[in-house]
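[1] Provided below for reference: sequence and predicted model.
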Amino acid sequence: MSLFQYRLSELHNMLHAAQISASELTEESLSAIARVDGDVHAFLTLDEEGARAAARGLDDKLATGAARGLLFGLPAGIKDNIVTKGLRTTCASRFLDNYQPIYDATVAVKLRQADAVTIGKLNMDEFAMGGSNENSAYGAVRNPWDLERVPGGSSGGSAAAVAAGEVFFALGSDTGGSIRQPASYCGVVGLKPTYGLVSRYGLVAFASSLDQIGPLTRTVEDSAYVLQAIAGYDAQDSTSAKVDIPDYLSALTGDIKDLRIAVPKEYLGEGVDASVRETVLAALKVLEDLGAIWEEVSLPHTEYAVATYYLLASSEASSNLARFDGVRYGVRVDDGGGLVDLYHNSRSRGFGPEVKRRIMLGTYALSSGYYDAYYLKAQKVRTLIKQDFDEVFKKYDVVIGPTAPTTAFKLGSQTEDPLTMYLNDILTIPVNLAGIPAVSIPCGFAEGMPVGLQIIGKEFDESTVLRVAHAYEQHTDHHKQRPQL
Amino acid sequence: MSITVKDVQHVARLARLHLSPEEEAVFTEQMNAILQYAEKLSGLDTEGVEPTTHVLHVSNVMREDVVKESLSIEDVLLNAPEEEDGQFKVPAVLE
């Protein structure tokens, strides 16, 4: 029987009771990767040697009776925009094909301190730009539920690796929905924490005011475990929040009696597939049966979120990616034409089309004469979007809706039309603009593909988000369904 | 308002990108579609609304002024495409 059927807490107990070893878990993960990753293509870099050595070290540690970390012995995958010392980090870009980080991201340090085993680095959209994982310079990830469909993006490799049973959990990053949307498409749990809760030190920046690292797991309890290990203030990140970290596991009481749920009419309206809407309404009925109360509300500025996001995220991206110039790391193309030509040639060779498109859009939005009309205007609309949530949270505990308007689409079906692709993120983007937490959990299937339920909370109220998600999960079995590979 | 191939060429220069004629044509069309969509913001009244640059109320975060060891030259140059005498090497800027 596969060890992948167990929750992290169960594995924790089995390790402690010496029923299994960290090395066995690591071998289980490596053999699953060998079996299915040729089809799924979730991994960009495997660290078999390092993982086996780490697992052996943990087995030795267990034998001595030393204290065990929260994620003891659990094999994990890390999205390839999170730097890992000595382990190639590419951001799925040709630009960083041979990049060997000289330091660890704070979350990588925290995983090690929690005794997790890093198996390798996971595929993604180049520099986290995309909603389908088709923008990887190393080829697309495929959805484990249907290999002809996308896994979602940009943390598609992280979501697919968890769904396919290749790792016990994974880390992703979420700028406009990049954890939740692939979690929805792949039928796993994806949590975007409040901005500032998890350190971004060592996350290769895309849009710095929006990016946030979070876990992808099979269950809500697993998500709480991983969040507990990675959350917390970090002096190395100037945007890290100084807040007390609660015990997320103790929040999973199963009790949601009298919980007040807001359901925005904009999240179930035009553009949302009927099958997705019905599945979400059925999920709300489950929550209602558990004692929660839901009412329809309005988040009136939702329709402006996608335009706001793409102006702001592209502007920040054009600035962040200016550091890729072929001088200190990455691709260098020198045709003897001088320094400025070296910049141009290196960047033109190193970046893929989606990254170039966003750099162009951002450079335009920030350029003289357009700054006020685009960038400043978008910053003001961001305020209105945040105020919409503030208003709703005066009366309600959580906001619930679908994670994405559709289920996973066919590979290649939207690549020629970036605007349509961008609109797939309409239900996740407002959360990033407001900086608040949200989780996507499996809530059913439409035509055989997973549907995600999005639960959004007040800032730093991950406990309530996880409590609601866990209560739902305890009364359904969607999260127990596995793709056949 | 629509942007032209000439605008795209200008922005590409600002962004330090070389674009092929095919890329210029595709980006002109796609950026026009995206910017046309973004025009919907202009219809929204934001008079008196403060811009949100950041959701956390943090500014000017400074670390303690403590002397500490910096990265070694070997580490700093580990990924350098070209280096010489412990420095990044670039084409001559001045003749």
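    Cool, got the structure.

[2] what's near enough to touch residue A:182?
    A:133, A:151-156, A:158-160, A:172, A:190, A:216 (CB atoms under 8 Å, 6 or more residues apart in numbering or on different chains). Any C-beta I mention is one placed from the backbone N, CA and C, and that applies to glycine too.

[3] Apply 6 Å and report the result again.
    A:151, A:152, A:155, A:156, A:159 (CB atoms under 6 Å, 6 or more residues apart in numbering or on different chains).

[4] Wasn't residue A:444 part of a strand?
    Yes: assessed with DSSP: H, G, I helix; E, B strand; the rest coil, residue A:444 lies in a strand.

[5] For the residue nearest to it when sequence neighbours are not counted, the count of nearby residues, please.
    Of all residues not flanking residue A:444 in the chain, residue A:279 sits nearest, at 4.1 Å (CB to CB, 6 or more residues apart in numbering or on different chains). By the criterion of other CB atoms under 10 Å in any protein chain shown, residue A:279 has 22 neighbours.

[6] Same question for residue B:86.
    Here the number of neighbours of residue B:86 (other CB under 10 Å) works out to 9.

[7] Can you name the residues of chain B sitting close to chain A?
    B:11, B:14-18, B:27, B:30, B:33-34, B:37-38, B:40-41, B:46, B:49-56, B:61, B:75, B:78-79, B:81, B:88, B:90-91, B:93 (CB under 6 Å from any CB of the partner chain).

[8] Spatially nearest residue to residue A:314, not counting backbone neighbours?
    In space, residue A:314 is closest to residue A:362, 3.6 Å off (CB to CB, 6+ apart).

[9] Strands of the chain, residue ranges please.
    This is for chain A. Secondary structure of chain A by DSSP state E: the strands cover A:43-46, A:75-79, A:117-122, A:169-173, A:189-192, A:213-217, A:260-264, A:293-297, A:398-402, A:438-446, A:449-456.

[10] Can you look at chain B instead?
    Under DSSP E, chain B gives strands at B:83-84, B:87-88.

[11] What residues of the lowest-mean-pLDDT helix or strand in chain B count as buried?
    Counting by mean pLDDT, DSSP states H and E, chain B has its least confident helix or strand at helix B:21-38, which shows a mean of 94. For helix B:21-38, burial by neighbour count (16 or more other CB atoms under 10 Å in any protein chain shown) applies to B:23, B:24, B:26, B:27, B:28, B:30, B:31, B:32, B:34, B:35, B:38.

[12] what's the answer for stretch A:364-373, then?
    A:364, A:365, A:366, A:367, A:370, A:373.

[13] swap in stretch A:376-391?
    Neighbour counts over stretch A:376-391 (16+ other CB under 10 Å) mark A:376-389 as buried.

[14] give me phi/psi at residue B:44?
    phi -100, psi 130 (degrees, to the nearest 10).

[15] what residues are up against it?
    Applying CB under 6 Å, 6+ apart, no residues qualify as near residue B:44.

[16] Tell me how far the spatially most central residue of chain B lies from residue A:349.
    Nearest to the mean C-alpha position of chain B, counting by CA atoms, centre = their mean, stands residue B:15 at 6.9 Å. Remark: distance between residue B:15 and residue A:349 (CB to CB, to the nearest Å) = 14 Å.

[17] do the same with residue B:9
    Where residue A:349 is concerned, residue B:9 sits at a distance of 19 Å (CB to CB).

[18] Which one of the strands of chain A lies nearest to residue A:200?
    strand A:213-217 (6.6 Å; CB to CB).

[19] So which elements touch that closest one?
    helix A:156-163, strand A:169-173, strand A:189-192, helix A:220-230 (3 or more CB pairs under 6 Å, 6 or more residues apart in numbering or on different chains; DSSP states H and E).

[20] Output the contacting helices and strands for the last one.
    Helix A:220-230 is packed against helix A:106-113, strand A:189-192, strand A:213-217, helix A:462-474, with contacts defined by 3+ CB pairs under 6 Å, 6+ apart.

[21] Deepest-packed of the ones you listed, please.
    strand A:189-192 (a mean of 33; mean count of other CB atoms under 10 Å in any protein chain shown).

[22] Return the mean pLDDT over that one, rounded to an integer.
    Averaging pLDDT along strand A:189-192 yields 98.

[23] tell me how far it is from the chain's mean position?
    Put simply, strand A:189-192 sits 6 Å off its chain's centre (CA atoms, centre = their mean, to the nearest Å).

[24] so, in contact with chain B or not, that strand?
    No: judged by CB under 6 Å from any CB, strand A:189-192 stays clear of chain B, getting no closer than 12.8 Å.

[25] partners of that strand in the sheet?
    If you go by DSSP bridges, strand A:189-192 pairs up with strand A:213-217 (antiparallel), strand A:438-446 (antiparallel).

[26] Can you tell me what sits against the shortest one?
    By that I understand strand A:213-217. The contact list for strand A:213-217, computed with CB under 6 Å, 6+ apart, reads A:107, A:158-159, A:162, A:169-174, A:179, A:183, A:188-193, A:198, A:203, A:223, A:226-227.

[27] average model confidence for that strand?
    98.

[28] Helix A:462-474 and that one, what's the angle between them?
    Here the directions of strand A:213-217 and helix A:462-474 differ by 20 degrees (axes from the mean of the first three to the mean of the last three CA atoms, to 10 degrees).

[29] how far does strand A:213-217 sit from the chain's center?
    Counting by CA atoms, centre = their mean, strand A:213-217 comes out at 6 Å from the chain centroid.

[30] repeat for the last one
    Between the mean C-alpha point of strand A:438-446 and the mean C-alpha point of its chain there is a distance of 14 Å (CA atoms, centre = their mean).
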